[in-house]
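Visitor: All I have is the shape, not the residue letters:
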């Protein structure tokens, strides 16, 4: 599909005295467009927000196929480092694969002390059994059907690729496996938001996260939304809860600025 201005990287860093730094990570084959309402909401509340575009996304499927999980993670890791240099310990939020990226940042020993809290929305931790053959078929099968626009709200649309590059699915599988193995290193507070009905990531992936991390976990149910909750019926519930949680963990404790 055609990608609009909403799919470009976005930031709000002009606050003279921000509540703190917030890095937001979008999902696999998606773009910042799926996170813009969340980013704009928290920027309006006084947060310095950074919303990068992951390598290979919002361009062409061929460019995504040429990237590795290290490219995606390196992008958000660099953004987290820069934001924390400016604001001290920051918050990280993510949707789907972006949730896994946020958790990976919190587990990174080189970022210890720089990540103070995580908000993960329908974080991905597993892929369907059929994805296990992706490495075998990647030399002959280039793409699979896409996963975009899993939204209950009528008329809402995600800007995402219509097809999944199989080579990128292989990278996603490797990244999910690595992140699951490192969940025990996540010791910061976590707000874990989960849709009751999700056609992209099984809600049980959130249970894997809750059971694996070592920090405190607050669960938030999203009863009226599908996978892309920041674009769905429960968006305001998510934003209000995220803002309150981050105020408690960062802004309210003097961690920002």
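Guide: Structure's in. What do you need? Treat the numbers as computed from the prediction; the structure is a model and nothing was measured. Numbering: from 1, shown residues only.

Visitor: My guess is residue 49 contacts residue 37. True?
Guide: No - applying C-beta atoms under 8 Å as the test, residue 49 and residue 37 come out as separate, 11.7 Å apart. Any C-beta I mention is one placed from the backbone N, CA and C, and that applies to glycine too.

Visitor: Compare those two (neighbour count), which wins?
Guide: Taking other C-beta atoms under 10 Å, residue 49 and residue 37 do not tie; residue 49 has more neighbours (27 against 17).

Visitor: Which helix or strand contains residue 50?
Guide: strand 48-51 (DSSP states H and E).

Visitor: That strand pairs with which strands?
Guide: Sheet pairing for strand 48-51, assigned by DSSP bridges, gives strand 10-12 (antiparallel), strand 21-25 (parallel).

Visitor: Now the first one: buried residues?
Guide: Right, strand 10-12. Across strand 10-12, burial judged by 16 or more other C-beta atoms under 10 Å covers 10-12.

Visitor: can you list the residues you listed in CSV and add pLDDT and distance to residue 54?
Guide: Shown next, in CSV, are the buried residues of strand 10-12 (pLDDT from 0 to 100; distance: C-beta to C-beta, whole Å):
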residue, pLDDT, distance to residue 54
10, 97, 13
11, 95, 15
12, 93, 19
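
Visitor: Output those as JSON lines; include the columns distance to residue 44.
Guide: Listed next are these as JSON lines, based on distance: C-beta to C-beta, whole Å:
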{"residue": "10", "distance to residue 44": "13"}
{"residue": "11", "distance to residue 44": "14"}
{"residue": "12", "distance to residue 44": "8"}
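
Visitor: and which of these is nearest to residue 77?
Guide: The shortest gap between residue 77 and any of the buried residues of strand 10-12 belongs to residue 11, at 16.5 Å (C-beta to C-beta).

Visitor: Looking at the strands paired with strand 48-51, which is nearest to residue 187?
Guide: strand 21-25 (18.0 Å).
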